[in-house]
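*Asks:* Structure for the following, please:
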Amino acid sequence: MPTFSKSRIVGAVEIGTTKVTVLVGEVAGPSLNVIGFGEFPSRGIVKGMVVDSKAAGEATHRAIDGAEKTAGARLQQVFLAQSGAHIDGFYHEASVNVGGLEGRVSQFDIDNVYKLAKHKALPAGRCIIHYLRRPFYLDGKLNPSPEEIRGDRLSVGVWHVHGDQHRIADNVHIIRNFNLPVSELVLSGLAAGNILTTPEERQHGVLVIDLGGGTTDFAYYRQGRACLAGVVAVGGSHLTNDLALGLRITESQAEKMKLLHARATITAKDRADSVWLNGDMGIGDRRFPRMTIEQIAAARTRETLEVVRKKLGSLYSPAETMAGVVLTGGASALPGIEDAASRVFEVPARVGTPHVEVIESLRQPSCSTALGLLHQGISQQHEANALQSQSGLGAKFKNFLDRIASV
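*Replies:* Now for the predicted structure:
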């Protein structure tokens with residue numbers, strides 16, 4: 001298989017609940033250059049977590065192999081998306097007395113308070129994925145760039161995104177068993193937010209929600225930075241299950257019903273309005289009220305979005321989210337999803353599209369995470385010294401990755 005001698009080949013891998021997506025990019029300049037795509041149905045993955053390593057590994061390797069063949073090149077490094085019910089987070093804040101000359105904030109003060117804010121013990125068996133630093137405050141007032149400003153007390157808060165180290169190791173092992181180095185782990189919600197929002201939107205405040213098959217990932221941006229991100233263990237498969245139970249049909253029939261007739265908001269007015277299960281009106285075909293289908297779908301959608309808002313807690317403010325809500329992921333194709341999200345979060349909502357030029361097939365919501373992951377990977381090849389500061393991937397976690405490699 002041919003390779004490129006004057007460029008570096010970067011891969012973005014998302015091992016999702018319903019499918020594995022792999023994109024291949026060529027680093028030959030600052031722009032996003034996608035040269036390969038691979039996709040394969042997931043196996044051995046439940047709610048974003050590996051439950052059968054052999055099956056998950058086979059599906060991932062099939063997707064990687066397909067991507068490399070379409071690219072005509074072998075991957076040299078991989079950026080790996082992270083999701084799953086095991087991911088959690090907490091907030092920790094620190095303050096220091098300003099020690100610079102003439103009472104001005106020094107770079108030492110900035111580095112010191114950030115280090116203290118990150119210094120919080122994790123529960124046993126947990127490992128940091130991201131440190132999300134919030135803006136600095138000087139004497140209780142917001143000051144995004146406090147260096148050389150006079151003041152007495154400098155404060156900063158950090159959202160710690162962490163996960164089960166064994167679950168993370170399972171994902172990393174799958175890639176390394178394919179003889180590929182994992183350069184970085186990136187939370188799926190942050191990867192999607194990277195490609196679906198602009199710096200201006202992040203400055204004005206924007207919430208990105210990735211509605212996947214088994215999980216819902218989210219990332220909340222204010223003052224230009226991601227200030228909170230996480231995962232809710234509910235996705236499109238739960239809506240399928242609700243329909244199967246509520247209508248007393250099989251999972252495969254419920255999935256078909258969801259794709260054809262489900263809505264995130266209720267529009268049906270007459271219970272006499274019905275739809276056929278199979279549509280052939282033959283033996284075994286049945287009719288169901290359209291209103292019942294919409295009620296089931298709307299209830300599950302509203303509940304999922306409300307759980308996300310609850311996770312954001314008091315940090316979320318409609319007044320501070322002027323750029324609204326951006327929806328992505330396979331379940332964002334549900335009709336009425338924008339209206340449902342707008343009602344829950346009290347701001348305008350839209351289904352996101354990438355802010356970079358790519359072919360139409362990659363502009364679909366189901367590709368947002370992998371596309372954002374690849375965009376970040378290519379960008380970081382031109383900013384090697386920003387790897388740690390942009391990702392928040394600490395030395396402790398890099399050592400953890402190295403230990404996995406030796407197992």
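
*Asks:* ok, longest strand in this protein?
*Replies:* In the chain, taking DSSP state E as the definition, the longest strand is strand 153-164.

*Asks:* Just checking, which helix or strand succeeds that one along the chain?
*Replies:* Proceeding N to C from strand 153-164, the next assigned helix or strand is helix 165-176, under DSSP states H and E.

*Asks:* And that next one, how far out from the chain middle?
*Replies:* 17 Å (C-alpha atoms, centre = their mean, to the nearest Å).

*Asks:* Run the angle between it and strand 153-164 for me.
*Replies:* 70 degrees (axes from the mean of the first three to the mean of the last three C-alpha atoms, to 10 degrees).

*Asks:* got a list of what the residue nearest to Gly11 when sequence neighbours are not counted touches?
*Replies:* Counting by C-beta to C-beta, 6 or more residues apart in numbering, Leu75 is the residue found nearest to Gly11 once chain neighbours are left out, at 4.0 Å. Using the backbone N, CA and C atoms, a C-beta is placed for each residue, glycine as well. Leu75 makes contact with Ile9, Val10, Gly11, Val24, Ile64, Ala67, Glu68, Leu180, according to C-beta atoms under 8 Å, 6 or more residues apart in numbering.

*Asks:* Can you list the low-confidence ranges for the stretch 1-150 of the chain?
*Replies:* Low-confidence segments of the stretch 1-150 of the chain (pLDDT under 70): 1-7, 28-31.

*Asks:* quick one: the helices in it?
*Replies:* 53-71, 107-118 (DSSP state H, counting those that start in this stretch).

*Asks:* among those, which is nearest Ala264?
*Replies:* Counting by C-beta to C-beta, Ala264 lies closest to helix 53-71 out of the helices of the stretch 1-150 of the chain; the figure is 29.3 Å.

*Asks:* Run through the neighbouring helices and strands of that closest one.
*Replies:* Other elements packing on helix 53-71 under the criterion 3 or more C-beta pairs under 8 Å, 6 or more residues apart in numbering; DSSP states H and E are strand 8-15, strand 19-27, strand 34-41, helix 165-176.

*Asks:* What helices and strands are in contact with the longest strand of the chain?
*Replies:* strand 88-97, helix 107-118, strand 126-133, strand 137-138, strand 225-232.

*Asks:* With mean neighbour count and distance to Val20 added, can I get those in TSV?
*Replies:* Converted to TSV, these look like this (neighbours: other C-beta atoms under 10 Å; distance: least, C-beta to C-beta, whole Å):
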stretch	mean neighbour count	distance to Val20
strand 88-97	15	24
helix 107-118	17	32
strand 126-133	21	20
strand 137-138	20	42
strand 225-232	22	18
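
*Asks:* what's the closest of the ones you listed to Thr250?
*Replies:* So among these, strand 225-232 is nearest, using C-beta to C-beta, at 26.1 Å.

*Asks:* Can you list the neighbours in contact with the closest one?
*Replies:* With C-beta under 8 Å, 6+ apart as the criterion, strand 225-232 contacts 48, 83-85, 87-89, 91, 130, 132-135, 159, 161, 187-190, 193, 202, 215-221, 304, 307-308, 311-312, 315.

*Asks:* surely Asp352 meets Leu196?
*Replies:* No, residue 352 isn't Asp; it's Gly. Yes - assessed by C-beta atoms under 8 Å, Gly352 is found in contact with Leu196 at 3.6 Å.

*Asks:* Report the set of residues contacting both of those two.
*Replies:* Taking C-beta under 8 Å, 6+ apart as the criterion, Gly352 and Leu196 both touch Val208, Val326, Thr328, Ser368.

*Asks:* Understood, closing this out.
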